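Colleague: Give me a model of this one.
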Amino acid sequence: MMKSVCSALAVLLLAAPAMARDPDPANGEKLFKRYCAGCHGADGRGGGDTFMPHIENLTKAGYIEFLPDDYLIGVITEGGPSVGKSSYMPAWGGTISADDILDIVAHIRTLSKYQ
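Modeller: Below is the predicted model:
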């Protein structure tokens, strides 16, 4: 009986999802450069290599730090229209993994803030 309980417990532990990892801003920086910098600029201030007339400044002091991570995750995952923003902001959820999106948000949080 004890052996079967231990075996069942071992199976449950092995089948359990891995513990969530801490976001990695260094990986987020690489991904940001690949997917985001073309529009938001390498420094997050906008003005990347884009044709759009107005790109959101991700470093605006008094703004970005008040946006919760869930909001940024939603915009990256579902695109601009999901929060009433521009449809030029694509939904990256089908391209970038959830963990990588968390890394991008962690990188955005490291960007210098400007007025």
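
Colleague: Please count neighbours and contacts with C-alpha atoms only from this point.
Modeller: OK.

Colleague: From K113, how far out is the closest residue in space to F32 that isn't next to it in sequence?
Modeller: Nearest residue to F32, sequence neighbours excluded (Cα to Cα, 6 or more residues apart in numbering): I104, at 6.0 Å. I104 sits 16 Å away from K113, going by Cα to Cα, to the nearest Å.

Colleague: So the two - more neighbours on which side?
Modeller: Using other Cα atoms under 10 Å, the more surrounded residue of I104 and K113 is I104, with 29 against 18.

Colleague: rewinding a little: ok, so what distance separates the residue nearest to F32 from C39?
Modeller: From I104 across to C39, the span is 15 Å (Cα to Cα).

Colleague: Hmm, D43 and K33 touching each other?
Modeller: No. The criterion here is Cα atoms under 8 Å, and K33 misses it with D43 at 9.3 Å.

Colleague: ok, now which ones touch the residue nearest to the spatial centre of the chain?
Modeller: Taking Cα atoms, centre = their mean, the centroid of the chain lies closest to I101, which sits 2.7 Å from it. Applying Cα atoms under 8 Å, 6 or more residues apart in numbering to I101 gives the contacts 28, 73, 76-77.
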